[in-house]
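Sequence isn't available, so here's the structure alone:
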């Protein structure tokens, strides 16, 4: 009986938070899946309608905008994550090998972490500006420096151009977290390994590939998994760099998440009688499945490759 | 013999010298690499300041942006402070700041309080289903928030909070994200490290669970709690898409203000964008975070790296 009394107390501690989590995390998770399957879901009276099918999924895979959005997302993921991870690793190793100025460099490299994604994205947009970017304005830093007149992020920018800027921004803003984690890892590697390598006069490159990277591999795998997940959810960075004012973003520049957000508030149905909400929900579920698959692959590869 | 010695000495010296030059070269290379990267990291901050101090005339009427403001115009910061348009409900920066502060304060206090309660129950109390709850929480932590966003929008709009010209807008921005599973996890890990003996000793002395939590565990876990508070504050300050979707015009946050167009109305009436105002706004939004970082550097960095190493 005493045990029961205690049980009840513990649940009391968690009652309100668990209630909030149920309403705003667990319930919506299931509901989103249901909305994606009931293709005539009506948001106004919250009724699921009578069609339980894959029509919403069929529609989004026939939707040029969705395919394009997935394409954009994949480019972002597979360029920005590897590049920023390698750069962060190099910076961390370099930082770890110096003594004077180490603290100052470390602080500088960490500063982008505590800034607003939106704000600095807008700065990048201004740096890459062109007379056509926002109304009529001066050439920005990059065009001025390189004596060019390329529309990087404006309305006439090609996909390569705006994607290039978004990628640079994603790499730039992804660095600090990774550097910080890698430095933490490097400092916990025992000095013995390096002393042994020194006695054998092992070349630096071999020390990096045969000691540092294997010993850091659990952290590298952790960083890869979290940043892949983060990159799949990219939206705000693209909006800040390549969007116009407010939340307006050209359809060709959508990411998967942008596609989902675009469907919020559209309570009607499209010409195939599939509700916009169902389409958005289907896109969210697809994104989730893609993330799940990539995380599983990541975990599988790291199980084989990571040295614990 | 003597000659031989000299020769050996000389060759050794040469090898040593070569080694030393190689060492210096590699140090030089390291510093060059770090300096270049640090420069790239800093450039956007410099550019933000540079453009924010340029005059409207310069921004609108020159072909190339100059590396320094030609006419130093700190007045931009005052103008941008009072800037408002009819499309955005005629509200200006102080009002946006008030909205953000209200959201930040309530979500920080509420979120931290609830995280402490759940983390305590999961770390210290024994009850049936504890492992199950923890497993469910861990599993949901991996699921992207975008999965919930559509249903949450429907929920808050059915509660009448969406675009509500009253307190509903605040509720819509605060309540859905109040409890963070990640913060619960972070705190639980810290609470777990506090030895059980302390708990039993307190029990023997007749200390109630609730009192034990607030007078023993919370002070011990102070640094984790500060980390959570800072993460919550940063989250509220940076939140954009969700608040922009659900809040009424009068209740939008500073990030929405940041994305407003800052068009040139008074000066030429052509509706061109004043990027100097835009950048001044960006500076205003960025500086509080940098201050937070300067004062709480230790907590922020340890919080981030801990969440990293534990993963």
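Alright, I've got the coordinates. Bear in mind the structure is a predicted one, so any value in this text is a computation, not a measurement.

quick one, phi psi at the closest residue to chain B within chain A?
In chain A, no residue comes nearer to chain B than residue A:28, which is 3.3 Å away by Cβ to the nearest Cβ. For every residue, glycine as well, the C-beta is placed using N, CA and C. Per-residue torsions, residue A:28: phi -60, psi -30 (degrees, to the nearest 10).

other SSEs contacting the longest helix along chain B?
As assigned by DSSP state H, the longest helix anywhere in chain B is helix B:2-52. Contacts defined by 3 or more Cβ pairs under 8 Å, 6 or more residues apart in numbering or on different chains; DSSP states H and E place helix B:2-52 against helix A:64-97, helix A:102-110, helix A:117-127, helix A:159-187, helix B:275-295.

out of the ones you listed, deepest packed?
With neighbours defined as mean count of other Cβ atoms under 10 Å in any protein chain shown, those peak in mean count at helix A:117-127, which reaches a mean of 26.

Neighbours of residue B:142, how many?
13 (other Cβ atoms under 10 Å in any protein chain shown).

That one - nearest residue in space that isn't next to it in sequence?
Spatial nearest neighbour of residue B:142, excluding adjacent residues (Cβ to Cβ, 6 or more residues apart in numbering or on different chains): residue A:295 at 7.3 Å.

how's chain A carved up into domains?
Following automatic domain parsing, one gets these domains for chain A: A:1-32, A:65-266+A:290-305.

Among those, which one carries the weakest average confidence?
Comparing mean pLDDT over the domains of chain A, the weakest stretch is domain A:1-32, at a mean of 84.

any idea how far residue B:163 is from the closest residue to chain A within the stretch 151-300 of chain B?
Residue nearest to chain A within the stretch 151-300 of chain B: residue B:151 (3.3 Å; Cβ to the nearest Cβ). Residue B:151 sits 18 Å away from residue B:163, going by Cβ to Cβ, to the nearest Å.

Of all the helices and strands packed on helix B:2-52, which one is nearest residue A:280?
helix A:64-97 (10.2 Å; Cβ to Cβ).

other SSEs contacting that closest one?
helix A:102-110, helix A:159-187, helix A:213-232, helix A:256-262, helix A:276-305, helix B:2-52.

same thing but 7 Å
helix A:102-110, helix A:159-187, helix A:213-232, helix A:256-262, helix B:2-52 (3 or more Cβ pairs under 7 Å, 6 or more residues apart in numbering or on different chains; DSSP states H and E).

which bits of the stretch 51-200 of chain A sit near chain B?
A:91, A:94-95, A:97-98, A:105, A:108-112, A:114-120, A:122-124, A:126-127, A:134-141, A:144, A:177, A:180-181, A:184 (Cβ under 7 Å from any Cβ of the partner chain).

how far does stretch A:34-42 sit from the chain's center?
27 Å (Cα atoms, centre = their mean, to the nearest Å).

sorry, back to before: who touches the residue of chain A closest to chain B in this structure?
Neighbouring residues of residue A:28 by Cβ atoms under 7 Å, 6 or more residues apart in numbering or on different chains: B:148, B:151-152, B:155.

mind listing the helices for the stretch 201-311 of chain B?
Applying DSSP state H, counting those that start in this stretch to the stretch 201-311 of chain B gives helices spanning B:209-212, B:218-220, B:222-238, B:241-246, B:254-258, B:275-295, B:297-310.

Residue A:261: what's it in contact with?
A:235, B:241.

quick one on the thing from earlier: how many other residues sit next to the residue nearest to residue B:142?
17.

my read: it touches residue A:225, true?
Yes: counting by Cβ atoms under 7 Å, residue A:295 does reach residue A:225; the two are 5.9 Å apart.

ok, back up a step: please identify the one among the helices of the stretch 201-311 of chain B that comes closest to residue A:268.
Comparing the helices of the stretch 201-311 of chain B by Cβ to Cβ, helix B:241-246 comes nearest, at 17.5 Å.

Flag every buried residue along that closest one.
B:241-246 (16 or more other Cβ atoms under 10 Å in any protein chain shown).

what's the helix or strand for the closest residue to residue A:66 other than its chain neighbours?
The shortest distance from residue A:66 to any non-neighbouring residue, by Cβ to Cβ, 6+ apart, is to residue A:60 (4.4 Å). Using DSSP states H and E, residue A:60 maps to helix A:55-62.

so what secondary structure elements neighbour that helix?
Counting by 3+ Cβ pairs under 7 Å, 6+ apart, helix A:55-62 packs on helix A:276-305.

please redo it, this time with the cut-off set to 10 Å
Here helix A:55-62 touches helix A:27-37, helix A:64-97, helix A:276-305, going by 3 or more Cβ pairs under 10 Å, 6 or more residues apart in numbering or on different chains; DSSP states H and E.

so what pLDDT did residue 272 get?
Going with chain A. Taking residue A:272 on its own, its pLDDT is 81.

hm, I was asking about chain B
Residue B:272 is given a pLDDT of 74.

about what we covered before: ok, the residue of the stretch 151-300 of chain B closest to chain A touching residue A:284?
Yes: judged on Cβ atoms under 10 Å, residue B:151 makes contact with residue A:284 at a distance of 9.3 Å.

show me what contacts the residue nearest the centre of chain B?
Nearest to the geometric centre of chain B sits residue B:234, at 3.7 Å (Cα atoms, centre = their mean). Shown in contact with residue B:234 (Cβ atoms under 10 Å, 6 or more residues apart in numbering or on different chains): A:113-116, B:104, B:108, B:288-289, B:292-293, B:300.

Can I get those in TSV including distance to residue A:205?
As requested, the contacts of residue B:234 are exported to TSV (distance: Cβ to Cβ, whole Å):
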residue	distance to residue A:205
A:113	30
A:114	34
A:115	34
A:116	39
B:104	48
B:108	47
B:288	44
B:289	38
B:292	40
B:293	35
B:300	34
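
And the residues you listed, which is closest to residue B:193?
residue B:300 (20.4 Å).

For the closest one, give me its contacts.
A:110, A:113-114, A:180, B:226-227, B:230-231, B:234, B:292-293.

how about a cut-off of 8 Å?
A:113-114, B:227, B:230, B:292-293 (Cβ atoms under 8 Å, 6 or more residues apart in numbering or on different chains).

Helix or strand: which one has residue A:11?
Using DSSP H and E, residue A:11 falls in helix A:2-21.

and that helix, what does it pack onto?
helix B:93-123, helix B:130-141.
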